[in-house]
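*Asks:* Structure of the sequence below:
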Amino acid sequence: MRNGSEKKFFEYTIEVTAAHIDGLNHVNNVVYVQWMQDAAARHWNSVSPAAAEDEVSWMVRSHEIEYLNQSYLGDVLRVKTWTGEYSAVTWNRHYEIVRASDGKKIVSARSVWILLDKTTGRPRTIDHNILARFDEEELK
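*Replies:* A predicted model of the protein is given here:
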């Protein structure tokens, strides 16, 4: 794997609603996975032209999640993501979810994403054009 340069973070906030709460009165673990996917999509959409949607898509290969604290109804959470190491067709993406009121880290996670060619449905090389969208400088 190659290591990219210092990454720019993408961040937004979300308020916990009743739809996010499970039978234990805290955010359900599956909701955090959805928020991770949403963060990745928002970040990608913020740096990619609309035409890219016709060419490529991303598929998750794996998730690694540490649930560190609970969050509850009404909590405002900061969802933060950034890209990390990459190979020819995979890219690590990191996440942190932090409660805004006290700064407690709720979730720390990493996903491995695979870039797919929409025409063939097969993995596609992560080339300079893709890397440049995230300000990657180390291209080997």
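
*Asks:* Just the helices from this structure, written as ranges.
*Replies:* Along the chain, the segments classed as helices by DSSP state H run 29-47, 52-55, 128-133.

*Asks:* neighbouring contacts of the helix or strand of the chain with the lowest mean pLDDT?
*Replies:* Here the helix or strand of the chain ranked lowest by mean pLDDT, DSSP states H and E is helix 52-55, holding a mean of 82. Helix 52-55 is contacted from outside by 117, 118, 119, using C-beta atoms under 8 Å, 6 or more residues apart in numbering. Yep, even glycine has a C-beta here, placed from its N, CA and C like the rest.

*Asks:* do that again at 6 Å, thanks
*Replies:* residue 118 (C-beta atoms under 6 Å, 6 or more residues apart in numbering).

*Asks:* list the buried ones in it?
*Replies:* Judged by neighbour count (16 or more other C-beta atoms under 10 Å), helix 52-55 contains these buried residues: residue 52.

*Asks:* Skipping adjacent residues, who's closest to residue 47 in space?
*Replies:* Leaving aside its chain neighbours, residue 47 sits nearest to residue 133 (4.2 Å; criterion: C-beta to C-beta, 6 or more residues apart in numbering).

*Asks:* In contact with residue 9: list those residues for me.
*Replies:* 80, 82.

*Asks:* swap the cut-off to 8 Å and go again
*Replies:* Contacts of residue 9 by C-beta under 8 Å, 6+ apart are 80, 81, 82.

*Asks:* Near the last one, how many other residues are there?
*Replies:* Taking other C-beta atoms under 10 Å as the neighbour definition, residue 82 ends up with a count of 19.

*Asks:* contacting residues for the closest residue to residue 18 other than its chain neighbours?
*Replies:* Using C-beta to C-beta, 6+ apart and skipping the chain neighbours, the partner closest in space to residue 18 is residue 73 (6.4 Å). Applying C-beta under 8 Å, 6+ apart to residue 73 gives the contacts 16, 17, 18, 20, 21, 25.
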